[in-house]
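S.K.: kindly return the folded structure for what I paste below:
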Amino acid sequence: MSPESGQAALSDVFGPGGSLSQTLADFESRPEQLELAESVAAAISDRTPLLAEAGTGTGKTLAYLVPALASGARVVVATATKALQSQLAEKDVPLAAQALGRSVSVAILKGRDNYVCRRLEAGFDGLGEHSLTLFADEDLAQLDTLRAWARGSATGDRSELDFEPRPSAWAEIAVGSDRCMGPRCAYAASCYAEIARDEAAEADLIVTNHALLLADVVVRSESDEARVLPEHDILIVDEAHRLEDAAASWLGGRFSLRGIRRLARDIERTHVEVARPPPRALLDQIERAAGDLLATLAPSEGRRRLSELDVERGSDQGARVSELFEQLGGALKGVNDELDGLSRRAYASADDVTACLAQNESGTVAWAEAGQLQWARVDVSQALRETLWEEGPTPVLVSATLDHELVAMRLGLGRASFLQVPSPFDFESQALVYIAEDMPAPNSAAYIERLVAEVGALCRASRGRALVLTTSHRVLNELSKSLAEELPYPVRAQGQAPRERLLAQFRTDVESVLVATQTFWEGVDVPGEALSLVVIEKLPFQVPDDPLVAAPCERIRLEGGDPFSDYQVPTAILALRQGFGRLIRSRSDRGVVALLDARLRTRPYGRRFLEALPPAPTVSSISEVDAFLAAAPASQ
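M.R.: Predicted coordinates for the structure are as follows:
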């Protein structure tokens with residue numbers, strides 16, 4: 001297909017009277033959506049990477065699905081959130097297929113730990129009274145329920161459950177990448193995870209998450225033949241602004257007491273099954289030695305970067321832990337396939353301890369937190385360039401907020417083309433930005449009291465219908481408690497219920513207030529009257545002494561750059577834009593974004609934040625907020 005004929009065909013889908021307008025009752029032809037679709041088609045045709053920022057309301061998922069599916073190639077779409085994965089598989093892919101007039105097979109591919117392990121489930125029958133010592137009482141009760149469900153399940157997929165299992169209980173029955181025996185397993189032919197992989201291998205389009213995409217990167221970097229994802233020609237990374245953080249974690253490693261105890265339970269359980277005495281003395285030695293190492297290096301709360309002095313202090317203890325894991329690996333090897341698998345896990349644990357305490361290499365950072373040591377790459381660009389972008393499928397990276405220069409540099413996509421498509425929404429009439437004046441410093445004694453008064457006044461002006469975004473759990477807890485006492489509207493807070501349940505309640509209970517942090521800054525879609533006010537308590541700067549922030553800042557400084565201006569401000573701007581994007585989700589939405597951080601007015605960098613936001617009018621009095629909201633249509 002020539003570029004000209006391809007563009008004509010896309011116009012027939014996205015243009016006025018096109019096939020999408022006949023497929024989707026409320027479809028509106030948007031030039032921005034067509035422009036994105038044409039750029040995706042060109043990238044696929046030319047086999048060149050594309051970085052695309054598509055503002056809220058563009059309809060980006062259909063804009064990349066239609067040209068990708070029209071190419072006839074196999075497509076993988078990787079996202080950061082389960083909500084978007086479900087939307088793609090259940091809604092957007094069928095719409096795109098119908099608009100193209102063809103059938104499309106789609107599969108959601110999840111990590112192995114989302115599936116029941118048939119071998120582990122069957123093994124419970126042989127444990128007998130040993131179950132009482134291997135598992136906590138609370139887990140035993142739930143394991144009976146999980147086993148009964150698993151035996152009647154067609155897929156073994158955790159998402160089938162109508163309750164959220166205890167993580168510790170699910171871990172005892174789930175596959176897990178470190179437990180899987182692969183083709184050597186007696187249950188390989190009926191393995192739920194393998195059946196899902198086989199179905200995905202036959203699908204035209206595979207929907208997965210960033211984690212599984214990166215697991216594929218790790219596996220392929222270690223072997224020329226092993227794969228996590230099926231072979232594919234086009235890779236679309238949605239929510240691409242989150243890929244770097246996921247890559248830093250996946251391309252590193254960790255060592256934890258929790259992992260040691262899980263390994264010990266698996267070893268004891270397997271020895272019961274094969275009627276052999278477990279190496280209990282050696283397991284006890286490992287736990288004691290690991291506990292001593294973590295007592296030396298790990299703080300009781302938070303994260304602390306490991307310094308050269310820390311590494312020196314922990315080197316002898318770390319060497320002892322590694323040595324004991326090596327002994328364990330040798331003791332388990334050579335009996336049967338199950339114990340050989342556990343032997344490999346023991347040797348891998350020895351390597352993880354060594355890696356966490358050998359962070360003299362450029363481009364890595366190690367830190368300690370309660371119960372664990374962890375290391376990650378500071379710079380993931382080379383690893384991604386070599387294992388994902390070069391000689392691989394054509395990559396298309398899409399997000400509503402994307403700093404293309406920053407992303408291209410951090411992800412190793414130097415030769416990518418870039419497209420910026422603005423939102424089709426009329427922010428000048430649909431939105432208002434309120435900037436609070438004279439707010440006290442967040443660390444002052446008067447801050448919470450003033451914050452409660454400010455947010456309370458704003459919520460009364462909006463008659464509830466507010467999402468309040470904080471930057472810390474401390475503020476979340478104090479603010480939500482005070483607002484619940486002062487406001488005549490239902491006030492809910494993150495942590496009181498699962499995320500999706502809170503959002504469902506927020507959508508249904510129109511005059512309510514939801515106070516949240518972190519994960520609620522993005523991926524929240526509440527169109528209509530339930531959301532008329534987004535309050536942003538503070539500019540979302542990352543914690544400067546967090547190892548994953550301090551290390552790249554240090555690298556930039558050594559290279560002659562300004563870490564604050566070149567890294568911290570751009571990262572916070574992207575997060576603020578994500579928070580702002582929660583407000584206007586359709587052409588009929590109307591509302592206010594309230595920014596309560598005085599630094600927007602008092603610091604030189606404040607202008608950079610304001611200039612990055614959509615072009616909405618700015619006010620600084622709540623009376624103007626009240627007037628704007630009062631002027632909204634009656635349906636609002």
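S.K.: what residues are up against Leu514?
M.R.: Listed by C-beta atoms under 8 Å, 6 or more residues apart in numbering, the contact set of Leu514 reads Ala466, Leu467, Val468, Val491, Arg492, Ala493, Gln494, Leu502, Leu503, Phe506, Phe520. The way it works is simple: take the backbone N, C-alpha and C, and place the C-beta from them, glycine included.
S.K.: which of those sits closest to Leu388?
M.R.: In terms of C-beta to C-beta, no member of the contacts of Leu514 lies closer to Leu388 than Phe520, at 29.4 Å.
S.K.: now whichever helix in the chain runs longest: mean pLDDT?
M.R.: Criterion DSSP state H: the longest helix present in the chain is helix 308-332. Per-region confidence: helix 308-332 scores 93 on mean pLDDT.
S.K.: next secondary structure element downstream of that helix?
M.R.: helix 337-356 (DSSP states H and E).
S.K.: can you list the strands that the helix or strand following that following helix pairs with?
M.R.: Following helix 337-356 in sequence order, the next helix or strand is strand 364-369 (DSSP H and E). According to DSSP bridges, strand 364-369 has the following sheet partners: strand 303-305 (antiparallel), strand 372-377 (antiparallel).
S.K.: quick revisit: contact partners of the longest helix of the chain?
M.R.: Here helix 308-332 makes contact (C-beta under 8 Å, 6+ apart) with 267, 279, 282-283, 285-286, 289-290, 292-293, 296-297, 306, 339-340, 342-344, 346-347, 349-351, 353-354, 356-360, 366, 368.
S.K.: do the same with stretch 92-102
M.R.: Stretch 92-102 is touched from outside by 13, 18-20, 23-24, 61-62, 65-66, 69-70, 103-104, 106, 205, 207, with contacts defined as C-beta under 8 Å, 6+ apart.
S.K.: list the contacts of the most centrally placed residue in the chain.
M.R.: Central residue of the chain (C-alpha atoms, centre = their mean): Ala80, 4.3 Å from the mean position. With contacts defined as C-beta under 8 Å, 6+ apart, the neighbours of Ala80 are Asn209, His210, Asp238, Glu239, Arg242, Leu243, Ala246, Gly523.
S.K.: which strands or helices does the helix or strand hosting Ala78 pack on?
M.R.: Ala78 belongs to strand 75-79 when assigned by DSSP H and E. If contacts are counted by 3 or more C-beta pairs under 8 Å, 6 or more residues apart in numbering; DSSP states H and E, strand 75-79 sits against helix 60-70, strand 205-209, helix 210-222, strand 234-237.
S.K.: mean pLDDT lowest where, among the ones you listed?
M.R.: Mean pLDDT is lowest for helix 210-222 out of the helices and strands packed on strand 75-79, coming in at a mean of 85.
S.K.: ok and that one relative to strand 205-209, angle-wise?
M.R.: 100 degrees (axes from the mean of the first three to the mean of the last three C-alpha atoms, to 10 degrees).
S.K.: how big is the angle separating helix 210-222 from strand 75-79?
M.R.: 120 degrees.
S.K.: how close does Ala96 sit to Arg179?
M.R.: Distance, Ala96 to Arg179, using C-beta to C-beta, to the nearest Å: 37 Å.
S.K.: what angle separates the longest helix of the chain from strand 372-377?
M.R.: Relative orientation of helix 308-332 versus strand 372-377 (the same axes, to 10 degrees): 110 degrees.
S.K.: how about helix 308-332: buried residues?
M.R.: Within helix 308-332, the residues that count as buried by 16 or more other C-beta atoms under 10 Å are 310-311, 313-314, 317-318, 320-322, 324-325, 327-329, 331-332.
S.K.: stretch 170-185 too?
M.R.: Neighbour-count burial for stretch 170-185, counted by 16+ other C-beta under 10 Å, picks out Trp170, Ala171, Glu172, Ile173, Ala174, Val175, Gly176, Asp178, Arg179, Cys180, Met181, Cys185.
S.K.: ok, the contacts of Ala80 vs Glu386, which is closest?
M.R.: Using C-beta to C-beta, the shortest approach to Glu386 within those belongs to Leu243, at 15.7 Å.
S.K.: thought that closest one was touching Val237?
M.R.: Yes. Counting by C-beta atoms under 8 Å, Leu243 does reach Val237; the two are 5.8 Å apart.
S.K.: overlap of the contact sets of the two?
M.R.: His210, Leu397.
S.K.: and the buried residues of stretch 170-185, which of them are in helices?
M.R.: Secondary structure from DSSP H places Trp170, Ala171 of the buried residues of stretch 170-185 in helices.
S.K.: of the strands paired with strand 364-369, flag the one that's most buried.
M.R.: By mean neighbour count, with neighbours taken as mean count of other C-beta atoms under 10 Å, strand 372-377 ranks first of these at a mean of 22.
S.K.: can you give me how far that one is from the chain middle?
M.R.: 18 Å (C-alpha atoms, centre = their mean, to the nearest Å).
S.K.: quick one: it to helix 337-356, angle?
M.R.: 70 degrees.
S.K.: can you list contacts of the following helix or strand past strand 372-377?
M.R.: Where DSSP H and E defines the elements, the next helix or strand beyond strand 372-377 is helix 381-384. Residues outside helix 381-384 that contact it (C-beta under 8 Å, 6+ apart) are Val217, Ser221, Ala247, Leu251, Arg377, Met409, Arg410, Leu411, Gly412.
S.K.: of those residues, closest to Leu596?
M.R.: Lowest distance from Leu596 to those (C-beta to C-beta) belongs to Arg410, with 29.8 Å.
S.K.: need the contact list for the closest residue to that closest one other than its chain neighbours.
M.R.: Sequence neighbours aside, Glu244 is the residue nearest to Arg410 in space, at 5.1 Å (criterion: C-beta to C-beta, 6 or more residues apart in numbering). Glu244 makes contact with Val380, Val407, Arg410, Leu411, according to C-beta under 8 Å, 6+ apart.
S.K.: greatest separation within those: which pair is it?
M.R.: Val380 and Val407 (11.5 Å).
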